[in-house]
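In: Build the 3D model from these lines:
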Amino acid sequence: MFRLIGLLGGLSLVMDIGTGAPLEESLRRAVVATRLGRAAGCTDSEVAAVLYASLLQHLGCTAYSHEVARVWGNDVASTRLAFLTDFTDRSDTWRTWVSGIADATGRSKARVITTMLAEGKKLDTAGPVATCDVARSASRQLGLPEPVQVSLSQMFAMWNGHGYPNVQGAAIQLSTRVVHVASTAVLFTHHAGFDAAVQEVGRRAGRYLDPDLSDLFRSRADELLADLDEMDAYQAVLEIEPDPVRLVDEAELEVVARTFGSLVDLKSPWLHGHSTAVGDLAAAAAKHLGLADNVGDVRVAGYLHDLGRVGVSSRIWDKPGPLSQSERDQARLHPYHTERILSRVPDLIRFAALAGQHHERSDGSGYHRGLSAAQLAMPSRVLAAVDAYRGLVEGRPHRPQLTEAEAAERLVAQGRAGRLDADAVSGVLTAAGLRRGERRIRPAGLTERQAEVLRLVASGISNREIAKRLVISPRTAEHHVQDVYLKIGASSRAGAALFAMEHGLLANLGRSAHARAIDSPPS
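Out: Below is the predicted model:
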């Protein structure tokens, strides 16, 4: 059995690097939020909601990465700057947001302002909807209680009612309001120090933040922020969880891993469903190859292998042409980030090396360590072959999708050349062949046409493009999309994509849908 808070506490590092935060900011935020909740007189059940909601505040941070990167050029940097900016203050918007985006992207300030005028309203409207939709859906998949789900769905709410969703004041759930104050405090403590944090909480009170909780924080800031930089934040989070602590078994561990893998895959329409497909196929291949003792580990490592992608801008993952040397260096670091995250979590450390080796090659030509066959166990060779195969059949912005037969031929050639392990290649292709022809039961009562619509919605293309592909009217396409949303309980394209990934509906999504997703803004 595993402590759920231990798994999520470790995986919160994914959200840190995905939002440009210092590592363990989520853990420290959870500690401060829990202290503030106790100071505010919250019950144990309320404190538990505060703890999980604060730890997972940015659970949906990848939901709108593709769109943000398309507009601003760097979704990681722009997300961090958005947190730091008080958009109700024009001078702060200029000083923090406009100047920060200009520095991060190399654009002129005039161009930043022009982009804000042209795209800002759409991003401000659609981004929070997608982020909250995905956060609530993911928290439901993780088995978290309803108060945590509600809290995560209100993370863009503002005390004055100007945020999302349309709720204000005391109607915002208490745990959410506590997290808002603690989040601001920890954010500005890391950014500019203790005094700046106390000042910013006071400045945002009554607009972003609950004024009473803001006053409580400011009156006890020394106590609430004590030892923030010196503490073992991971251990502190384990210690402050109220009883009864939440435990999960191996099967639930797989659910946690698959959920986080799917969240990472939201970074780009080209990646949707990739992590789940890799984990499942790797497990099947390991079983076929007689690696019975490794099947579970290979599956989980497959689900988690791309965690490090979140720290790299979606602009790089979506780029249709060759990467520059700098971009290539950033992209090639993602296995390192994956290994680094997993190696810091006691319950996940056994997956760290395996997940981090998915781009290593038997001839030593891979990355991030340049290991060769003698240094790679068979599970690592299997995972590398599966990742390569799935990348070929899924396609990427810079290369077309291949048929299964073409991908198999390419994989066999790499096995013969010694780049991939030939036995691993054989096992992967056999496992992939055994999966063909299986009848898929469609979830949520979706019809075949609705499942097709869902796949297209998840790819990010507009309703008008869906109508063209299915040779139906735009009005009919819109009705299909709304029916799908209603059946699966989603309210955004990102939420629909997460549902489709959870239920394995994207494995054979065609390249043309991905291409349109890159070229056409969603409606």
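
In: Helix, strand or coil: sort out Val278 for me.
Out: With DSSP: H, G, I helix; E, B strand; the rest coil as the basis, Val278 sits in helix.

In: Give me the spatial nearest neighbour of it, chain neighbours excluded.
Out: Gly302 (4.3 Å; CB to CB, 6 or more residues apart in numbering). Just so you know, the C-beta spots here come from the backbone N, C-alpha and C atoms, and that holds for glycine as well.

In: In a helix, Arg390, correct?
Out: Yes - Arg390 sits within a helix when classified using three-state DSSP.

In: right, and it touches His274 too?
Out: Yes - applying CB atoms under 8 Å, one finds Arg390 in contact with His274, separated by 6.0 Å.

In: higher neighbour count, these two?
Out: His274 (26 against 22; other CB atoms under 10 Å).

In: gap between the nearest residue to that one once chain neighbours are set aside and Ser380?
Out: Leaving aside its sequence neighbours, His274 sits nearest to Asp265 (CB to CB, 6+ apart; 5.3 Å). Taking CB to CB, to the nearest Å as the measure, Asp265 falls 21 Å from Ser380.

In: repeat for Pro242
Out: Separation of Pro242 from Ser380 (CB to CB): 40 Å.

In: The two: which is more packed in?
Out: When neighbours are counted by other CB under 10 Å, Pro242 and Ser380 differ, and Ser380 comes out ahead with 25 against 18.

In: Quick check, that one in contact with Gln357.
Out: Yes - with contact defined as CB under 8 Å, Ser380 counts as touching Gln357 (4.3 Å).

In: can you point me to the longest helix in the chain?
Out: In terms of residue count, the longest helix belonging to the chain (DSSP state H) is helix 109-141.

In: Just the buried residues of it, please?
Out: For helix 109-141, a neighbour-count test (16 or more other CB atoms under 10 Å) marks 112-113, 115-116, 119, 123, 126-141 as buried.

In: just stretch 293-301 next, same as before
Out: Quick answer for stretch 293-301 (16+ other CB under 10 Å): Asn294, Val295, Asp297, Val298, Arg299, Val300, Ala301.

In: The second one touches Asp280, doesn't it?
Out: No - under the criterion of CB under 8 Å, Val295 is not in contact with Asp280, lying 10.8 Å apart.

In: returning to that earlier point: can you list the buried residues of stretch 293-301 in CSV and add distance to Ser91, pLDDT and secondary structure?
Out: Formatted as CSV, the buried residues of stretch 293-301 follow (distance: CB to CB, whole Å; pLDDT from 0 to 100; DSSP: H, G, I helix; E, B strand; the rest coil):
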residue, distance to Ser91, pLDDT, secondary structure
Asn294, 58, 94, helix
Val295, 58, 96, helix
Asp297, 53, 96, helix
Val298, 54, 98, helix
Arg299, 52, 98, helix
Val300, 49, 98, helix
Ala301, 48, 98, helix
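
In: can I get the residues you listed in TSV with distance to Asp212?
Out: Converted to TSV, the buried residues of stretch 293-301 look like this (distance: CB to CB, whole Å):
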residue	distance to Asp212
Asn294	54
Val295	53
Asp297	49
Val298	51
Arg299	48
Val300	44
Ala301	46
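
In: Summarise which helices and strands the helix or strand hosting Ala384 is packed against.
Out: Secondary structure assignment for Ala384, by DSSP states H and E: helix 378-394. Identification of packing neighbours for helix 378-394 by 3 or more CB pairs under 8 Å, 6 or more residues apart in numbering; DSSP states H and E yields helix 274-288, helix 295-304, helix 352-356, helix 404-416, helix 422-435.

In: any idea how far Leu446 is from Trp72?
Out: Leu446 sits 35 Å away from Trp72, going by CB to CB.

In: higher neighbour count, the two?
Out: Here Leu446 and Trp72 are compared on neighbour count by other CB under 10 Å; more neighbours surround Trp72, at 24 against 19.

In: Let me know the distance separating Ile101 from Leu84.
Out: 11 Å.

In: what's the answer for Ala104, then?
Out: Taken as CB to CB, the span from Ala104 to Leu84 is 12 Å.

In: burial of the residue lying closest to Gln450 once chain neighbours are set aside, as a residue count?
Out: Distance criterion CB to CB, 6+ apart; nearest residue to Gln450, sequence neighbours excluded, is Val484 at 5.2 Å. Val484 has 25 neighbours, counted by other CB under 10 Å.

In: likewise the one 10 residues further on?
Out: By the other CB under 10 Å criterion, the neighbourhood of Ala494 contains 31 residues.

In: Quick one: mean pLDDT for the helix or strand hosting it?
Out: If you go by DSSP H and E, Ala494 is part of helix 493-502. The pLDDT scores in helix 493-502 average 88.

In: What lies in contact with the helix or strand encompassing Glu339?
Out: Per DSSP H and E: Glu339 is located in helix 334-343. Identification of contacts with helix 334-343 by CB atoms under 8 Å, 6 or more residues apart in numbering yields 10-11, 13-14, 17, 304-309, 311-312, 348-349, 351-353, 355-359, 367-368.

In: quick one: average confidence on it?
Out: The average pLDDT within helix 334-343 is 97.

In: what about Gln141, distance to Val134?
Out: As for Gln141, its distance to Val134 is 10 Å (criterion: CB to CB).
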